[in-house]
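Engineer: Got a sequence here, can you build the structure:
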Amino acid sequence: MMNYMKWLLHRFFIMQFFTTFVLSLTLCFAIATLAEYHSLPPQKAPISYTDSSGVR
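Structural biologist: As a prediction, the model looks like this:
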């Protein structure tokens, strides 16, 4: 019975560390992705209502 309890406790801690590692890795990738984000350049309005050369 004691060996089973030790095994169960060990398995719980291994899963907890694994879950913490995966969540931390996901958070790091999310932060890196947000840090690399560049907003779009400002868009130019068309000169007149009939001109469609402006970037929309």
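Engineer: what's the helix or strand for F12?
Structural biologist: With elements delineated by DSSP states H and E, F12 resides in helix 2-36, which encompasses its position.
Engineer: Low-confidence stretches in this structure?
Structural biologist: Applying pLDDT under 70 to the chain flags residues 46-56.
Engineer: Report the central residue of it.
Structural biologist: Within the chain, the residue whose C-alpha comes closest to the C-alpha centroid is A30; the distance, by C-alpha atoms, centre = their mean, is 2.4 Å.
Engineer: any idea how far that one is from Y4?
Structural biologist: In this structure, A30 and Y4 are 39 Å apart, going by C-beta to C-beta, to the nearest Å. From N, CA and C alone the C-beta is placed, and that goes for glycine too.
Engineer: repeat for T20
Structural biologist: The span separating T20 from Y4 equals 25 Å under the rule C-beta to C-beta.
Engineer: same question, A35
Structural biologist: Going from A35 to Y4 by C-beta to C-beta gives 46 Å.
Engineer: what's the burial count for L25?
Structural biologist: By the other C-beta atoms under 10 Å criterion, the neighbourhood of L25 contains 10 residues.
Engineer: cool, and L34?
Structural biologist: Residues within reach of L34, counting by other C-beta under 10 Å, total 8.
Engineer: same question, the one 10 residues further on
Structural biologist: By the measure other C-beta under 10 Å, the count of residues near K44 is 10.
Engineer: three-state assignment of it?
Structural biologist: In the three-state summary, K44 is assigned as coil, counting by DSSP: H, G, I helix; E, B strand; the rest coil.
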